[in-house]
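1. Next comes the sequence, and after it the predicted model I'd like to discuss.
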Amino acid sequence: MKTELTTLLGIEYPIIQGGMAWVAEHRLAAAVSEAGGLGLIGAANAPAEWVRDEIRKAKELTDKPFGVNIMLMSPYADEVAKVVAEEKVKVVTTGAGNPGKYMTMWKEAGIKVIPVVASVALAKMMVKAGADAVVAEGTESGGHIGETTTMVLVPQVVDAVKVPVIAAGGIADGRGIAAAFMLGASGVQMGTRFVATQDAVVHENYKNYIVKAKDIDTRVTGRSGGHPVRVLRNEATKKYLDMEKAGATFEELEMLTVGGLRKAVTEGDVRTGSVMSGQIAGMIKDIPTCKEVMETLVAETDALLKGKGFYE
Ligand code: TUI
């Protein structure tokens, strides 16, 4: 499955694991990279020394390339940006902001830089600043999201930039990957699919909640404050959305979600925690290993793209 992206990153399959807060730690990242994709460590809101330690632990588990995702709203973003350069991480992806100010430092360290974008304008700006590829992330994704769907965003980003485009949002099987290629993408990024795996160090309640979810079970909180976040519906989202509708302040709403993702991921509190997930949760029915996920994805995509698809 050679594409512009596999060549750029030196990986076997053009499949990247999302850099999910609390979920994407070294064991998941190493498992995805060992299976031939690109695993990511999610720096999220963690201090720089935690990130350094995770990078070193991942290096002990795999010789294959892996990356770090830097969440740019983090108070530690500046320090983490330095750590990835010092540790000579192969690939950096960024989310929730504009990484322009770090670009020169990362390029000088030989890092491949892949910003996650939710619009054509930001994609163009990032490529101008030196991005090696971009992830075009549709609103179907879990966590912090933009407005535009994957189907609409990906081809427009493909038309706007000359670097490889990675499609994200709403992809969890070979059909989604084949469709992403049809839209002009050179690869995909998947989050939710990799949460529901044996390798993800995530409470079993969280994984089972994804498996149990139906197509219409995600909700978007925080639209009123300009920070929309997609999660699986539960008691907490009901309360949040009721309060948001009633005109609660940003601070009142923040109080409801602070620490909610940690509570769901580490304690398994899927009732009052934040169970971040993409809309594709409804399609996920099992909890395999990353290796099994990758083998299935590649077999399904191959079957479709080698002509055994719709028109056979
Ligand atoms: O970053 C994500 N998804 C995330 S980050 C995150 S961390 C979090 N933890 C607890 C509560 C809330 C959040 C969870 N999920 N995806 C990448 C992404 N980036 N999607 C959209 C964007 C984006 C949005 C605005 C990128 C840039 C941007 O503005 C750029 C600018 O000009 O500042």
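-> Alright, I've got the coordinates. None of the values given here were measured: they were computed from a predicted structure.

2. hmm, the helix or strand bottoming out on mean pLDDT in the chain touching the ligand?
-> Lowest on mean pLDDT, DSSP states H and E among the helices and strands of the chain sits helix 250-257, with a mean of 91. No - judged by CB under 6 Å from any ligand atom, helix 250-257 stays clear of the ligand, getting no closer than 6.5 Å. To be clear about C-beta, it is placed using only N, CA and C from the backbone, and glycine gets the same treatment.

3. Then stretch 186-199?
-> No - Stretch 186-199 does not reach the ligand (CB under 6 Å from any ligand atom); its nearest approach is 8.5 Å.

4. Quick one: mean pLDDT for that stretch?
-> Averaging pLDDT along stretch 186-199 gives 98.

5. Identify each buried residue in it, please.
-> 186-197, 199 (16 or more other CB atoms under 10 Å).

6. okay if I get these as CSV plus secondary structure?
-> CSV is the format used below for the buried residues of stretch 186-199 (DSSP: H, G, I helix; E, B strand; the rest coil):
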residue, secondary structure
186, coil
187, strand
188, strand
189, strand
190, strand
191, coil
192, helix
193, helix
194, helix
195, helix
196, coil
197, coil
199, coil
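
7. Can you tell me which of these is closest to the ligand?
-> Closest approach between those and the ligand, by CB to the nearest ligand atom: residue 191, at 8.5 Å.

8. State the distance from the closest one to residue 281.
-> 10 Å (CB to CB, to the nearest Å).

9. Overlap of the contact sets of those two?
-> Shared contacts of residue 191 and residue 281 (CB atoms under 8 Å, 6 or more residues apart in numbering): residue 142.

10. of all the residues in the stretch 151-300 of the chain, which ones are close to the ligand?
-> 229, 261.

11. now the strands for the stretch 151-300 of the chain?
-> For the stretch 151-300 of the chain, applying DSSP state E, counting those that start in this stretch gives strands covering 165-168, 187-190, 218-221, 229-232.

12. from the middle of its chain, how far away would the second one be?
-> Remark: strand 187-190 is offset 8 Å from the chain centroid, using CA atoms, centre = their mean, to the nearest Å.

13. got it, and stretch 292-304?
-> Distance, centroid of stretch 292-304 to centroid of chain: 20 Å (CA atoms, centre = their mean).

14. which residues of the stretch 1-150 of the chain fall in helices?
-> Taking DSSP state H, counting those that start in this stretch to define them, one finds helices in the stretch 1-150 of the chain at 4-9, 26-34, 48-61, 77-86, 103-108, 120-128, 150-160.

15. For residue 89, which non-adjacent residue is spatially closest?
-> Nearest residue to residue 89, sequence neighbours excluded (CB to CB, 6 or more residues apart in numbering): residue 68, at 5.1 Å.

16. related to what we said a few turns ago, okay, the strands of the stretch 151-300 of the chain in TSV with distance to residue 294 next?
-> Shown next, in TSV, are the strands of the stretch 151-300 of the chain (distance: least, CB to CB, whole Å):
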stretch	distance to residue 294
strand 165-168	16
strand 187-190	10
strand 218-221	25
strand 229-232	24
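
17. where are the low-confidence patches of the stretch 101-250 of the chain?
-> Residue ranges of the stretch 101-250 of the chain with pLDDT under 70: none are present.

18. quick one: contacts for residue 24?
-> Contacts of residue 24 (CB under 8 Å, 6+ apart): 17, 18, 39, 40, 41, 42, 69.

19. coming back round to it: can you name the residues bridging to the residue nearest to residue 89?
-> When assigned by DSSP bridges, residue 68 has beta-bridge partners residue 41, residue 92.

20. any idea how far it lies from the ligand?
-> Distance, residue 68 to the ligand, using CB to the nearest ligand atom, to the nearest Å: 13 Å.

21. Check residue 311 and give its pLDDT.
-> Residue 311 is given a pLDDT of 65.

22. contacting residues around stretch 263-279?
-> Looking at what lies outside stretch 263-279 - CB under 8 Å, 6+ apart - the contacts are 20-23, 140-143, 169-170, 172, 191-192, 195, 202-206, 209-210, 213, 215, 218, 229-232, 234-236, 257, 260-262.

23. Filter those residues down to the buried ones and hand me the PyMOL line.
-> In PyMOL syntax, the buried subset of the contacts of stretch 263-279 is picked out as below (16+ other CB under 10 Å):
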select buried, resi 20+21+22+23+140+141+142+143+169+170+172+191+192+195+202+203+205+206+209+210+213+218+229+230+231+232+234+236+257+260+261+262
